[in-house]
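Q: Fold the stuff below for me.
(one chain, ligands or ions: 1)
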Amino acid sequence: MKDNIIRYREMCAAEQHDMLQKGMNFRLNPQYSVLLMSQRTNAPYKDAIHPDGITIEYEGHDLPRSQQIRDPKTVDQPRFTRGGKPTENGKFADAVDQYKKDPTKCEIVRMYEKVFDGVWSEKGFFKLIDYKIVNDGTRKVFRFILEEVEVSFEHKKVEITLGKERSRIIPSSVKKEVWARDGGKCVMCGSTDELHFDHDLPYSKGGTSITAANVRILCARHNLQKSAKIE
Ligand SMILES: [Zn+2]
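A: From the prediction side, this is the model:
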């Protein structure tokens with residue numbers, strides 16, 4: 001569920017994988033790809049959220065460190081391996097190229113972000129709509145453009161719809177800030193189970209998610225109580 005707070009193991013279990021280690025996992029299963037956002041704490045998040053609140057940019061991945069490449073941050077991000085096969089960047093870029101030729105073939109991506117060591121949050125499902133190769137000042141990097149969608153996986157078919165009530169994406173930096181402020185607990189009862197990030201005032205009623213002030217941690221029980229009150 002979007003904006004829930006889960007342990008690393010729960011995230012792996014949800015994706016039926018023993019260990020999710022790579023950030024980019026093209027077609028992790030037949031229906032969708034998985035992207036993990038887990039920047040080091042001192043690095044700025046690269047998930048630039050566009051002003052529409054539903055489109056984000058995800059920076060591609062560097063070559064692994066090796067004897068030839070001491071610092072992967074100093075070399076261009078490649079689309080192909082030395083052997084000429086697509087890297088993960090290349091696979092996602094190929095999917096965009098295919099989508100542009102045939103809009104019925106779009107790649108669905110599920111995104112998770114690291115909030116704290118071992119603690120993750122689901123960012124939601126996205127449609128991979130574009131990519132660009134930009135110079136970040138020192139080298140060329142891939143930037144993938146993803147638009148938030150709602151998906152259902154019924155009858156072995158993927159149904160994609162734009163969210164009816166589009167909730168704004170909560171930036172990773174805000175989730176980190178809220179996690180620290182609320183101490184990783186429900187603000188109502190102190191529970192540490194079944195938590196998620198809650199928009200205090202819903203986006204549909206004018207609330208925002210771009211500052212921590214309108215976001216808090218609630219457990220499942222208190223979230224249910226809250227939605228009962230709103231209805
Ligand atoms: Zn609670």
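
Q: Direction included, what does the strand or helix carrying I129 pair against?
A: I129 belongs to strand 119-135 when assigned by DSSP states H and E. Strand 119-135 has the following sheet partners, assigned by DSSP bridges: strand 4-7 (antiparallel), strand 108-116 (antiparallel), strand 140-152 (antiparallel).

Q: Can you point out the buried residues in that strand?
A: Neighbour-count burial for strand 119-135, with 16 or more other CB atoms under 10 Å as criterion, is recorded at V119, W120, S121, E122, K123, G124, F125, F126, K127, L128, I129, Y131. Where you see a C-beta, it was placed from the backbone N, CA and C, and this is true even at glycine.

Q: The ion is nearest to which of the strands paired with strand 119-135?
A: With CB to the ion, the closest approach to the ion among the strands paired with strand 119-135 belongs to strand 4-7: 12.5 Å.

Q: Distance from the chain centre to that closest one, please.
A: Strand 4-7 has its C-alpha centroid displaced from the chain centroid by 13 Å (CA atoms, centre = their mean, to the nearest Å).

Q: So what's the model's average confidence on it?
A: Mean pLDDT, taken over the full extent of strand 4-7, equals 96.

Q: same thing with stretch 71-79?
A: Over the span of stretch 71-79, the pLDDT mean works out to 92.

Q: Return the most buried member of the strands paired with strand 119-135.
A: Highest mean neighbour count among those (mean count of other CB atoms under 10 Å): strand 108-116, with a mean of 21.

Q: just the CA coordinates of that strand, formatted as PDB?
A: Listed in PDB are the C-alpha atoms of strand 108-116, where the atom choice follows Å, rounded to 0.1, in the frame of the first residue of the first chain:
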ATOM      1  CA  ILE A 108       4.700  -0.500 -14.900                       C
ATOM      2  CA  VAL A 109       7.100   0.300 -12.100                       C
ATOM      3  CA  ARG A 110       6.600  -0.100  -8.400                       C
ATOM      4  CA  MET A 111       8.800   2.100  -6.300                       C
ATOM      5  CA  TYR A 112      10.000   1.900  -2.700                       C
ATOM      6  CA  GLU A 113      12.200   4.300  -0.800                       C
ATOM      7  CA  LYS A 114      14.400   3.900   2.200                       C
ATOM      8  CA  VAL A 115      13.300   5.900   5.200                       C
ATOM      9  CA  PHE A 116      15.800   4.600   7.700                       C
END
